[in-house]
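Trainee: Attaching a predicted model along with its sequence, questions to come.
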Amino acid sequence: MKTTIIIVMTLTLSVGPLYGNADEKPPPMPAEEQPEVLTRGPVHEAFAEPVNLQLQPGLVAPTQPPANIVENPPTDRPVGTQFVWVPGYWAWDSERNSYIWISGCWRAAPHNMYWVSGYWSKAPEGWQWVPGFWMPVTSAGQIEYLPAPPAMEEVQPPGAPPYSDNIWVPSCWYWYQGQYIRRPGYWLAAKTDWVWMPSHYVWTPRGYVFVGGYWDYVLNRRGVLFSPVYFPRTIYERPGFSYSLNIVVDIGNLQFSLFTRPRYWHYYFGDYYDDTYISIGIYPWFEFKQYHTWYDPIYEYNRWHLRKTDPRWDEHERDEYDRRRANKDLRPPRTYREMENRLVRLPEPQRRNFRMAEPISAFVADKKSPLKFGNIKTNAQEKLSIQSTDVHKFRKERSRWESPATGQKTVRSSVENKVPKTRPEQVKIPASPVTGRRDFMNIFKKSPPSRPANERKTEIKKDSRTRGNRDKSN
């Protein structure tokens with residue numbers, strides 16, 4: 001009998017440590033092993049892009065980006081068939097010396113436009129960013145790659161605007177009959193709730209793509225922008241790993257701390273106030289008026305619109321930037337965890353200035369938002385998953401057809417001979433998975449304004465221009 005008791009006790013002691021105590025809970029996972037939701041970083045390129053006027057090749061990262069993250073959008077989505085889902089992608093973070101994930105976004109596609117996603121291309125120095133862009137659906141199925149256009153001229157306006165509602169649009173080169181002709185800069189009558197994206201070029205390894213000017217939505221009507229995320233390698237390398245999106249960027253505070261990295265073709269938001277960021281090419285958005293290497297259509301719109309109630313709005317923007325640069329306590333938090341910790345210690349009136357992001361549930365419940373929301377059905381979620389996969393395939397296809405081995409040389413021509421000898425290439429492309437509707441239900445009850453007369457006049461008159469007068473001014 002004693003022998004039996006001893007055997008049972010031995011089995012009990014040996015089995016216990018193998019299964020653990022059901023009442024015990026392990027310590028929380030270390031923060032370093034969890035995804036970190038960020039309240040700073042690049043803005044999704046499909047949501048908003050600055051206009052790069054220098055046309056230099058994109059930013060180079062030293063290492064290859066990881067495999068794409070599988071995203072699970074929340075069941076809440078903005079109502080309206082103009083809203084399209086654009087999945088996320090990896091962005092290079094110079095401070096971390098690694099990649100961070102730019103989460104997908106719901107985007108109100110510009111009228112009759114489709115999205116060509118950016119991608120990372122293998123380059124001699126590492127991996128180079130090739131920016132994405134919006135194109136009219138009338139050109140769907142084909143992209144024209146042009147030789148390098150001449151250096152941009154007339155970037156800054158010649159003087160004060162003739163009318164208070166005028167916005168300056170910089171000059172642009174148009175390719176016509178084997179040469180470039182210049183469309184002079186002009187003053188544009190601003191339109192409430194609409195941002196004019198001027199005609200410009202986008203660099204690719206194969207050549208330069210001309211993007212004609214178009215009207216776009218103001219930021220708070222463009223859709224839902226989810227926060228960037230930092231993933232430790234141990235997380236995203238797990239087999240079958242997926243990430244459920246939940247935290248949404250506050251568009252109002254995004255515009256309050258907005259920066260630009262022209263060579264990366266990206267806006268940045270959040271705490272980039274230290275002078276060291278300028279050394280790596282991240283500038284306050286208002287500095288485009290000083291450097292003239294990029295054009296900021298959103299700043300120009302805000303400057304016109306907000307000066308109606310604040311005549312010194314642009315001065316106040318600079319003053320606030322200087323205050324935050326001098327006092328770190330005034331800067332917005334860098335992570336969602338830091339933001340939550342700071343908010344609980346602040347009085348209610350101050351919390352608004354530091355709330356860079358919030359759960360999607362709070363965003364949906366905001367009655368002041370111009371967006372309306374509905375639920376995604378099960379079959380629609382499956383379609384979103386398929387669409388995300390198609391977008392990633394489209395990026396790979398674009399990387400293949402724009403490979404430098406198959407494209408033309410894009411060396412800029414000399415001043416004496418502004419017309420390159422290479423000819424443009426027209427390349428057939430697959431249909432983009434992200435396409436705006438021609439006839440959509442617009443919850444804003446507004447159609448985009450007509451194309452500016454200056455742009456139409458240029459397209460009509462360019463038939464009569466010759467090589468001899470291509471360099472003449474107005």
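Mentor: Yep, it's here.

Trainee: quick one: average pLDDT of the helix or strand where residue 71 lies?
Mentor: Take DSSP states H and E as the rule and residue 71 turns out to sit in strand 70-72. Mean pLDDT, computed over strand 70-72, is 95.

Trainee: What is the helix or strand just after that strand packed up against?
Mentor: Proceeding N to C from strand 70-72, the next assigned helix or strand is strand 76-78, under DSSP H and E. Secondary-structure packing of strand 76-78 (3 or more Cβ pairs under 8 Å, 6 or more residues apart in numbering; DSSP states H and E): strand 105-108, strand 223-225, helix 360-365, strand 373-375. All C-beta spots, glycine's among them, are computed from the backbone N, C-alpha and C.

Trainee: Just send those back as TSV, with mean pLDDT, mean neighbour count and distance to residue 86 too.
Mentor: Listed next are the helices and strands packed on strand 76-78 as TSV, based on pLDDT from 0 to 100; neighbours: other Cβ atoms under 10 Å; distance: least, Cβ to Cβ, whole Å:
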stretch	mean pLDDT	mean neighbour count	distance to residue 86
strand 105-108	97	24	5
strand 223-225	97	26	9
helix 360-365	94	16	16
strand 373-375	93	13	18
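
Trainee: can I get the ones you listed in CSV with distance to residue 242?
Mentor: Formatted as CSV, these follow (distance: least, Cβ to Cβ, whole Å):
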stretch, distance to residue 242
strand 105-108, 17
strand 223-225, 19
helix 360-365, 17
strand 373-375, 20
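
Trainee: out of those, nearest to residue 152?
Mentor: strand 105-108 (27.8 Å; Cβ to Cβ).

Trainee: partners of that closest one, with directions?
Mentor: strand 83-86 (antiparallel), strand 223-225 (antiparallel) (DSSP bridges).

Trainee: And the first one, how far out from the chain middle?
Mentor: From the chain centre to the centre of strand 83-86 is a distance of 13 Å (Cα atoms, centre = their mean, to the nearest Å).

Trainee: who touches that strand?
Mentor: With contact meaning Cβ atoms under 8 Å, 6 or more residues apart in numbering, strand 83-86 is reached by 44, 46-47, 73, 77, 104-109, 115, 117, 223, 384, 387-388, 391, 434-436.

Trainee: do the same with the last one
Mentor: Contacts made with strand 223-225 from outside it, assessed by Cβ under 8 Å, 6+ apart, are listed as 43-44, 47, 77-78, 83, 105-108, 248-249, 251, 254, 360, 363, 371.

Trainee: repeat for stretch 46-53
Mentor: Here stretch 46-53 has contacts from 86, 105, 107, 115, 117, 131-134, 152, 155, 170, 197-198, 200, 202-203, 219, 222-223, 225, 260, 262-263, 265-267, 285, 288, 292-298, 434, using Cβ under 8 Å, 6+ apart.

Trainee: Can I have the buried ones of these as a ChimeraX selection?
Mentor: Command for ChimeraX that selects the buried part of those, burial taken from 16 or more other Cβ atoms under 10 Å:
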select :86,105,107,115,117,131,132,133,134,152,155,170,197,198,200,202,203,219,222,223,225,260,262,263,265,266,267,285,288,293,294,295,296,297,298,434
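
Trainee: In terms of helices and strands, where is the spatially closest residue to residue 194 that is not a sequence neighbour?
Mentor: Nearest residue to residue 194, sequence neighbours excluded (Cβ to Cβ, 6 or more residues apart in numbering): residue 215, at 4.8 Å. Per DSSP H and E, residue 215 falls inside strand 214-217.

Trainee: other SSEs contacting that strand?
Mentor: strand 133-136, strand 194-197.
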